[in-house]
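Visitor: Following is a predicted model, sequence given first.
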Amino acid sequence: MVAMTSSEEELRAHLIKFLESKGLVYNKSYRLGRIEIDLVALGKYDIWDDKSSNENIIYAFEMKLASTSSLIKDVIEQAITRLLMVDYSVIVIPCTANIWVNDKEKKEINIDEEVKKRANGTYSKSLGIICIGNEGEIKVVRKPKRSTIVINELRQKIIKEMSNKTLF
């Protein structure tokens with residue numbers, strides 16, 4: 001049996017490798033007031049169309065193992081609130097996970113399909129979904145739509161803070 005992605009840290013590490021390969025600046029655990037975003041990335045690169053951009057694009061990524069209905073609901077709700085601050089909000093999950101079906105038995109499911117099915121409301125349809133495979137491969141399950149509800153003051157604050165950060 002292939003080892004599954006076992007932690008949010010592991011998901012984050014694979015995502016960071018991908019973001020660095022695209023030349024984006026990122027910040028783990030970014031705080032804006034009382035809201036904490038798992039990972040924020042900034043750059044003049046559109047990772048969805050795989051091309052350079054003339055403007056800074058801000059991405060918010062929420063990592064979750066999401067192996068229960070309540071965890072899936074939580075990560076969708078968190079990602080929706082990020083649409084107020086960033087251009088693209090994305091849920092990052094493992095492609096598959098073992099879930100308990102009863103006291104003694106686990107079953108392997110495709111979490112990406114479950115999240116896609118549930119993230120289908122007015123705002124959650126705008127969320128992107130990325131799953132990370134057992135070997136660390138990045139799979140875009142659904143491209144996000146650019147947020148239409150961004151509060152520009154929050155967006156500018158993130159750009160200002162992230163622009164001061166450099167990659168070494």
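Guide: Looks like it came in fine.
Visitor: what does the host helix or strand of residue 162 contact?
Guide: If you go by DSSP states H and E, residue 162 is part of helix 152-163. For helix 152-163, contacts defined as Cβ atoms under 8 Å, 6 or more residues apart in numbering pick out 25, 27, 30, 32, 40, 42, 56, 58, 84, 85, 86, 87. Quick note: C-beta positions are derived from backbone N, CA and C, even for glycine.
Visitor: and if you look at stretch 100-113?
Guide: Stretch 100-113 has contacts (Cβ under 8 Å, 6+ apart) with 66-67, 72, 93-99, 129, 131, 139, 141.
Visitor: I only care about these that end up buried; give me the ChimeraX line for that.
Guide: Those of these that count as buried under 16 or more other Cβ atoms under 10 Å are selected in ChimeraX with:
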select :66,67,72,93,94,95,96,97,99,129,131,141
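Visitor: Let me see the backbone angles for the closest residue to residue 43 other than its chain neighbours.
Guide: Distance criterion Cβ to Cβ, 6 or more residues apart in numbering; nearest residue to residue 43, sequence neighbours excluded, is residue 24 at 3.7 Å. Main-chain dihedrals, residue 24, degrees, to the nearest 10: phi -90, psi 150.
Visitor: hang on, residue 24 packs against residue 44?
Guide: No: between residue 24 and residue 44 there is no contact under Cβ atoms under 8 Å: 9.0 Å.
Visitor: more crowded one of those two?
Guide: residue 24 (21 against 12; other Cβ atoms under 10 Å).
Visitor: Tell me how far that one lies from residue 53.
Guide: For residue 24, the distance to residue 53 equals 11 Å [Cβ to Cβ, to the nearest Å].
Visitor: Which neighbours do these two have in common?
Guide: What both residue 24 and residue 53 touch, as defined by Cβ under 8 Å, 6+ apart, is the set residue 45.
Visitor: returning to what we had before: flag every buried residue along the helix holding residue 162.
Guide: 154, 155, 158, 162.
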